[in-house]
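Asks: Mind looking at a prediction? Sequence and model below.
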Amino acid sequence: MEIIRTEDLTYTYPISSKPAFRDVSITIDKGEFVLLTGPSGCGKTTLCRCFNGLIPHFYSGKLEGEIMVAGLRVPDHPIHELAQHVGLVFQNPENQLFALSVEKDVAFGLENLGLPRDEIRERVDWALKVTGIYDLKDRAPYELSGGQQQRVAIASILAMRPEVIVLDEPTSFLDPLGAQKIFEVIDRLNKRLGITIILVEHRLDLASKYADRVIIMNEGRVVLNGRPRDVFISDEAQLVGVGIPKATMLYKLLRENGIELGRVPITAEEASQMIREALTHDRG
């Protein structure tokens, strides 16, 4: 069942002479984990701002086409209503954290909804435990590491219990280990809780294994949309200039030299296992 649908969606900022993205027609199903990528400036972040109503309700400009989220036509519903269905986690967690404690930050959105105190307490504790930061609830956000801050930002959105969580390059300020931990948290939210995930990310080596689908944008348009293995093996993905997983690149090089490994790998673990199996088969 679809949760987001766009048809010929085009948006132009007020100060721009050309659209940030144009003619975007995509459907995202409930419970999907979608990886959205592409070169910088291709329109990824702008598109994500449409999903929770920041465009057109906060950012002015010209929005054309159709966009439906959780059965709601985005231009017809205010941000506070759409925010109950779609949560947005920004690139820099410090832009979302402002309270004197982690607990207060996570509770902020719920307090604005006017929920009963007991329900706020239950939701905050649940979100902190799911993201693995319950022991940090009394700490000040500015005392935390970048990875911990990002978990707090995710918990603050998760406490709202949205159907969709959009994460705009949430690991850009983290080292590979910190990024891996964030991806694992996001994967748990998707697999265990059934939350639809839209992840904007350039670190495809780390993120690809979690995705059901990859959408690649270039120059404001969707140029590829499909399963990770099908998308990354295509010549067009390489021409666009996205960071195709190294395991997939190795597969393509080996295939060009007459060595077949079977299915397309997208992680180093898959590639090493397939190479071991190929070597074992040759020795046999």
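Replies: It's in. Just so it is clear, the structure is predicted and the values come from calculations on it, not from any experiment. Numbering: from 1, shown residues only.

Asks: Local confidence estimate at residue 284?
Replies: On pLDDT, residue 284 comes in at 53.

Asks: Use 5 as the first number from now on
Replies: Shifting the count to begin at 5 puts that one at residue 288.

Asks: The closest residue to residue 153 other than its chain neighbours: how many residues sit nearby?
Replies: Nearest residue to residue 153 in three dimensions, chain neighbours excluded: residue 97, at 4.0 Å (Cβ to Cβ, 6 or more residues apart in numbering). Placement of C-beta: from N, CA and C, glycine included. Counted by other Cβ atoms under 10 Å, the residues lying close to residue 97 total 24.

Asks: could you show me where the strands are in the stretch 5-154 of the chain, in order?
Replies: For the stretch 5-154 of the chain, the strands defined by DSSP state E, counting those that start in this stretch occupy 6-16, 25-28, 31-33, 37-41, 66-73, 76-77, 90-93.

Asks: what sits against the residue nearest to residue 153?
Replies: Residues counted as contacts of residue 97 (Cβ atoms under 8 Å, 6 or more residues apart in numbering) are 150, 153, 154, 156, 157, 174, 177.

Asks: In helices, which of those residues appear?
Replies: 150, 153, 154, 156, 157 (DSSP state H).

Asks: Quick check, central residue of the protein?
Replies: residue 203 (1.1 Å; Cα atoms, centre = their mean).

Asks: Contact partners for it?
Replies: Contacts of residue 203 by Cβ under 8 Å, 6+ apart are 37, 38, 39, 40, 171, 174, 190, 211, 214, 215.

Asks: Mind checking what secondary structure the fifth one has?
Replies: It refers to residue 171. strand (DSSP: H, G, I helix; E, B strand; the rest coil).

Asks: And for it, nearest residue in space, chain neighbours not counted?
Replies: residue 93 (4.5 Å).

Asks: what does residue 113 give?
Replies: Spatially, and ignoring its direct neighbours in sequence, residue 113 is nearest to residue 164 (5.1 Å; Cβ to Cβ, 6+ apart).

Asks: Any stretches of the stretch 155-288 of the chain with poor pLDDT?
Replies: 285-288 (pLDDT under 70).

Asks: run the last query once more with 80
Replies: Scanning the stretch 155-288 of the chain for pLDDT under 80 picks out the ranges 263-266, 279, 281-288.

Asks: Okay, helices next: where are they in the stretch 105-254 of the chain?
Replies: 106-117, 121-134, 150-162, 180-197, 208-211, 232-236, 239-244, 250-260 (DSSP state H, counting those that start in this stretch).
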